[in-house]
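**Q** A predicted structure for the sequence below; I have some questions about it.
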Amino acid sequence: MLNISKNNLDNEEEFNEFNSMQNVKNRVRFLTFNKVLVVIIIVGLVFLFLPWTQNVRGKGNVTTLDPSQRPQGIQSAIPGRIEKWYVGEGDIVKKGDTIVYISEVKSEYFDPDLLGQTQKQINSKAFSQKSYETKAEALLKNIEGLKIERELKLEQAQNKLIQANLKVISDSIDLEAAKTQISIARKQFARTDTLESEGLKSRVDREDKELKLQLSQAKLVSQRQKLLESRNEVLNAEIEINRVKTEYTNKIAKAESDRASALSSGFTTQADVAKLENTFNNYRVRDSIRFIRAPQDGFINRAIQRGIGETFKEGAEIVSIMPLEIDLAVETFVQPIDLPLLHAGEKVRIIFDGWPAIFFSGWPNMSFGTYGGIVVAVERNISPNGRYRVLIKPDKEDQEWPDVIRAGSGAETFALLKDVPIWYEIWRQINGFPPDYYLPEGEEKKSDKK
């Protein structure tokens with residue numbers, strides 16, 4: 001071995017003069033240390049078998065169950081320009097109190113007498129509608145009169161037809177009588193002519209019988225002419241009946257057409273009146289909503305629109321208001337792996353931000369400053385933050401929540417699960433396993449029935 005170092009290795013040093021070396025050589029100290037170590041190990045082993053309450057943690061904030069009790073923005077239904085503020089930030093308002101007054105920015109609503117002008121249009125249209133209704137009533141009466149007159153005319157024409165038919169019968173009878181008479185006259189003339197040739201009758205008698213025969217022939221021709229005239233009168237009476245029917249049908253149809261036109265115009269005017277009344281009501285409502293009022297009792301959080309003369313579009317938020325009377329709740333967000341362990345009606349412990357609390361997650365009975373809650377609902381759709389939202393309401397059997405907490409403040413929740421040994425919980429945490437799955441008593445009964 002090369003002796004390069006300047007230190008001499010052959011020299012022997014005496015270490016007994018050091019206290020540390022003396023303590024090392026003291027075996028009594030080793031026995032004490034071993035006893036302490038054994039006690040610590042025993043205590044550790046006992047500690048591993050102590051009960052530990054599993055829990056599901058969540059982080060959220062204070063909210064309300066009723067959506068109407070949450071902070072809301074008061075919006076304007078119409079575009080406008082701010083003219084006057086009646087409240088300031090931090091003011092407390094009652095339901096119906098005026099918050100701000102706005103004016104119109106659209107030219108079609110600039111007329112200061114817009115409602116009055118619209119009402120005049122409604123009155124004019126209503127009068128026009130009344131006129132059309134009066135005209136329709138008059139035409140209806142005219143139609144009824146035409147129908148009555150038609151019946152009278154038809155009855156008169158029917159009477160003429162009956163008279164003509166009777167005259168035809170009378171002339172037919174007269175014609176038959178004339179035929180009989182001419183037959184008799186011919187027979188008499190033939191006998192007289194025979195007797196006159198035999199010298200039994202005078203020539204005067206023969207001429208007299210011949211004259212009667214000629215008169216009978218003339219009368220027969222006359223009766224035939226009368227019968228034809230009577231038959232023509234029947235045809236004329238029938239034609240008159242058809243003419244009366246056609247004439248009054250046309251008159252009634254024209255009157256009904258005029259009445260239908262009047263009714264149609266009346267209905268159109270009625271629709272115009274309804275449209276104008278709708279417009280009038282819209283103008284009146286629009287005029288009223290220029291005064292933006294508080295929808296409920298609340299606290300003015302912040303004025304979103306500022307200043308005087310600032311314009312905005314419809315649907316723009318004017319102010320933010322917070323209701324005064326609210327029922328507090330907590331919305332917390334849990335990991336998807338813990339979702340099957342949460343059920344409606346389960347009790348949880350809550351720690352509010354800014355409120356002093358000492359919490360032992362494994363021994364909730366030893367905690368201080370926590371408050372009780374009951375799970376109301378577990379959201380079935382994952383939130384944008386990748387967790388599931390759980391709503392919690394106050395537990396009335398536990399102490400009341402602090403009055404000083406406000407909606408929006410932070411809260412941490414602990415849903416208490418099964419009691420397990422500490423060694424099991426350590427083993428579960430090391431392996432990344434979820435807490436033991438279980439069902440509430442009611443759910444267990446349902447699953448047993450299934």
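**A** Received it, and whenever you're ready, just let me know what you need.
**Q** shouldn't residue 78 be in contact with residue 286?
**A** Yes - here residue 78 reaches residue 286: they are 6.1 Å apart, a contact under CB atoms under 8 Å. C-beta here means a position set from N, CA and C on the backbone, and glycine is covered the same way.
**Q** Pull the contacting residues for residue 66.
**A** 326-327 (CB atoms under 8 Å, 6 or more residues apart in numbering).
**Q** Could you measure from it over to residue 235?
**A** 93 Å (CB to CB, to the nearest Å).
**Q** Also residue 300?
**A** From residue 300 to residue 235 the distance is 98 Å (CB to CB).
**Q** And these two? Which one has more around it.
**A** Each of residue 300 and residue 235 has its neighbours counted (other CB atoms under 10 Å); residue 300 has more, 19 against 11.
**Q** How is that one assigned, secondary-structure-wise?
**A** At residue 300 the chain is in strand, as set by DSSP: H, G, I helix; E, B strand; the rest coil.
**Q** Would you list the phi and psi of the closest residue to it other than its chain neighbours?
**A** Nearest non-adjacent residue to residue 300, counting by CB to CB, 6 or more residues apart in numbering: residue 91, 4.9 Å away. Phi and psi for residue 91, reported as degrees, to the nearest 10, are phi -80, psi 150.
**Q** what pLDDT does the residue located most distally from the centre of the chain get?
**A** Most distant from the centre of the chain: residue 199, at 123.6 Å, with distances by CA atoms, centre = their mean. In this model, residue 199 is scored at 70, pLDDT.
**Q** Identify the residues contacting the residue nearest to residue 229 when sequence neighbours are not counted.
**A** Distance criterion CB to CB, 6+ apart; nearest residue to residue 229, sequence neighbours excluded, is residue 171 at 7.9 Å. Taking CB under 8 Å, 6+ apart as the criterion, residue 171 is in contact with 223, 226-227, 229-230.
**Q** List buried residues within those.
**A** Neighbour counting by 16 or more other CB atoms under 10 Å classes 223, 226-227, 230 among the contacts of residue 171 as buried.
**Q** could you pull out the strands for the chain?
**A** Using DSSP state E, the strands found in the chain span residues 51-64, 72-75, 80-85, 92-93, 98-103, 291-293, 298-303, 311-312, 317-323, 328-334, 347-352, 371-378, 388-394, 410-421.
**Q** could the ones you listed be laid out in CSV, adding mean pLDDT?
**A** Converted to CSV, the strands of the chain look like this (pLDDT from 0 to 100):
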stretch, mean pLDDT
strand 51-64, 77
strand 72-75, 86
strand 80-85, 90
strand 92-93, 90
strand 98-103, 90
strand 291-293, 90
strand 298-303, 86
strand 311-312, 87
strand 317-323, 88
strand 328-334, 89
strand 347-352, 84
strand 371-378, 88
strand 388-394, 90
strand 410-421, 72
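**Q** Same list, those strands, but as a markdown table with distance to residue 341 please.
**A** Shown next, in a markdown table, are the strands of the chain (distance: least, CB to CB, whole Å):
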| stretch | distance to residue 341 |
| --- | --- |
| strand 51-64 | 6 |
| strand 72-75 | 34 |
| strand 80-85 | 51 |
| strand 92-93 | 43 |
| strand 98-103 | 46 |
| strand 291-293 | 47 |
| strand 298-303 | 37 |
| strand 311-312 | 48 |
| strand 317-323 | 34 |
| strand 328-334 | 9 |
| strand 347-352 | 11 |
| strand 371-378 | 10 |
| strand 388-394 | 11 |
| strand 410-421 | 6 |
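**Q** hey, which of these is tucked in deepest?
**A** Counting by mean count of other CB atoms under 10 Å, strand 328-334 has the highest mean neighbour count of the strands of the chain, with a mean of 23.
**Q** Packing partners of that one?
**A** strand 51-64, strand 388-394, strand 410-421 (3 or more CB pairs under 8 Å, 6 or more residues apart in numbering; DSSP states H and E).
**Q** any low-confidence regions in the stretch 351-450 of the chain?
**A** Along the stretch 351-450 of the chain, segments meeting pLDDT under 70 span 356-369, 416-429, 431-450.
**Q** Skipping adjacent residues, who's closest to residue 93 in space?
**A** Closest to residue 93 by CB to CB, 6+ apart is residue 294, at 4.3 Å.
**Q** Would you mind measuring from the one you found to residue 95?
**A** Residue 294 is 6 Å from residue 95, by CB to CB.
**Q** neighbour count winner among these two?
**A** residue 294 (20 against 10).
**Q** Closest to residue 395 out of the buried ones among the contacts of residue 171?
**A** residue 230 (115.0 Å; CB to CB).
**Q** Please list all residues in contact with the nearest residue in space to residue 184 that is not next to it in sequence.
**A** Spatial nearest neighbour of residue 184, excluding adjacent residues (CB to CB, 6+ apart): residue 216 at 7.8 Å. Contacts for residue 216 (CB under 8 Å, 6+ apart) come out as 178, 181-182, 184-185.
**Q** Residue 216 and residue 227: what is the separation?
**A** 16 Å.
**Q** now residue 41
**A** Computed as CB to CB, the residue 41 to residue 227 distance reads 153 Å.
**Q** got it, and residue 115?
**A** 84 Å.
**Q** now do residue 76
**A** From residue 76 over to residue 227 the distance is 97 Å, taken as CB to CB.
**Q** try residue 236
**A** 15 Å.
**Q** go on, residue 308?
**A** In this view, residue 308 and residue 227 are 108 Å apart by CB to CB.
**Q** next one: residue 314
**A** In terms of CB to CB, residue 314 sits 93 Å off from residue 227.
**Q** Same check on residue 316?
**A** 100 Å.
**Q** same question, residue 272
**A** Using CB to CB, we find residue 272 at a distance of 67 Å from residue 227.
**Q** Over to residue 217?
**A** In terms of CB to CB, residue 217 sits 16 Å off from residue 227.
**Q** mind giving me the domain ranges of the chain?
**A** 13-48, 53-69+326-449, 72-104+290-323, 114-288 (automatic domain parsing).
**Q** any idea of the mean pLDDT in the first one?
**A** In this case it means domain 13-48. Domain 13-48 comes out at a mean pLDDT of 66.
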